[in-house]
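Student: Quick one: sequence and predicted model below, then my questions.
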Amino acid sequence: MIYNKENLQKGSTILIRKPLNWTSFQVVNKMRWLIKNLLNIQKIKVGHAGTLDPLAEGLLIICTGKSTKKIEEFQNLKKTYTGVFYLGATRPSFDIETDIDSTSPIDHLKKDDLIKVRDQFVGDILQTPPLFSAVKFKGKKLYDYARAGEKIEPRKRVVSVYNFKLSKIKLPKVYFEIECSKGTYIRSIANDFGRKLEVGAYLESLIRTQIGKYCLKQAISLEEFKKKIETIAEV
């Protein structure tokens, strides 16, 4: 793909490797700034097809120009993630954003226990979104309630888990791969996984490796994208 002025305005689909501690919107804003300033484009549409949490990294589909009309289509594709659950402790955010608020012994756990619980998460499941998330409840984002210390009961919703592999078990860490539908919170699966084992768990790390047919291996970093734009700008 040649990221010149004409192609980007006409419409491009760009696979980006989102770095850790960046929001998806920060990636969009950075790319829009690079395109406008390096290629001297006054106005251009840039959007992403599926949010990744700041503490997650991996594949982010960025659309420009007329390709932004495809965003909903991309959002509806299956997603694949790899990562690590940490057993024996819980955190309010279900990941490492917040401090540990409870711990439990895990010495009694066996591989079969984890497999039996894993099997309960394959198929259509009812899931409660994390309180520390951007899902809206009565017009406000859930993390606004959480950070204000307000206790609420978010609406549960049905999501689909097509495949759930425990790729390595090295307690307290469990390495996994999950293929799932749009709107699935892996953080919630981590929390529910620990709850069913009665020891607690949280999501320690997460990488999105695939969206439909698009793979992380095909993606470029923001720095690589910048260099491609700079090369075009110099011509």
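Tutor: Structure received. Here the structure is a predicted model, which is why all the values come from computation and not from measurement.
Student: Return the residues in contact with residue 58.
Tutor: Each residue near residue 58 by Cβ atoms under 8 Å, 6 or more residues apart in numbering is listed here: 17, 18, 52, 81, 206, 207, 208, 209, 216. Where you see a C-beta, it was placed from the backbone N, CA and C, and this is true even at glycine.
Student: switch to 7 Å and redo it
Tutor: Residues counted as contacts of residue 58 (Cβ atoms under 7 Å, 6 or more residues apart in numbering) are 17, 18, 52, 207, 208, 209, 216.
Student: hang on, it in a helix?
Tutor: No. Residue 58: not assigned to a helix; according to DSSP: H, G, I helix; E, B strand; the rest coil it is strand.
Student: quick one: it from residue 198, how far?
Tutor: Counting by Cβ to Cβ, to the nearest Å, the separation of residue 58 from residue 198 is 31 Å.
Student: Equivalent analysis for residue 71, please.
Tutor: For residue 71, the distance to residue 198 equals 41 Å [Cβ to Cβ].
Student: more neighbours, those two?
Tutor: residue 71 (18 against 11; other Cβ atoms under 10 Å).
Student: List the single closest residue to the more buried one in space, sequence neighbours excluded.
Tutor: Counting by Cβ to Cβ, 6 or more residues apart in numbering, residue 71 lies nearest to residue 49, which is 4.6 Å off, once chain neighbours are set aside.
Student: Quick check, the one you found in contact with residue 67.
Tutor: No. At 9.6 Å, residue 49 and residue 67 do not qualify as touching, with contact defined as Cβ atoms under 7 Å.
Student: what about the strands in this structure?
Tutor: Shown for the chain, the strands assigned by DSSP state E span residues 13-18, 46-48, 57-64, 79-87, 89-90, 102-103, 123-127, 136-137, 140-141, 157-170, 173-180, 201-211, 214-215.
Student: For the protein, give me the ranges with low pLDDT.
Tutor: For the chain, the stretches with pLDDT under 70 are 132-150, 152-153, 234-235.
Student: Scan it for its longest helix.
Tutor: Using DSSP state H to define each element, the chain has its longest helix at helix 24-38.
Student: Just the buried residues of it, please?
Tutor: 24, 27, 28, 30, 31, 32, 34, 35, 38 (16 or more other Cβ atoms under 10 Å).
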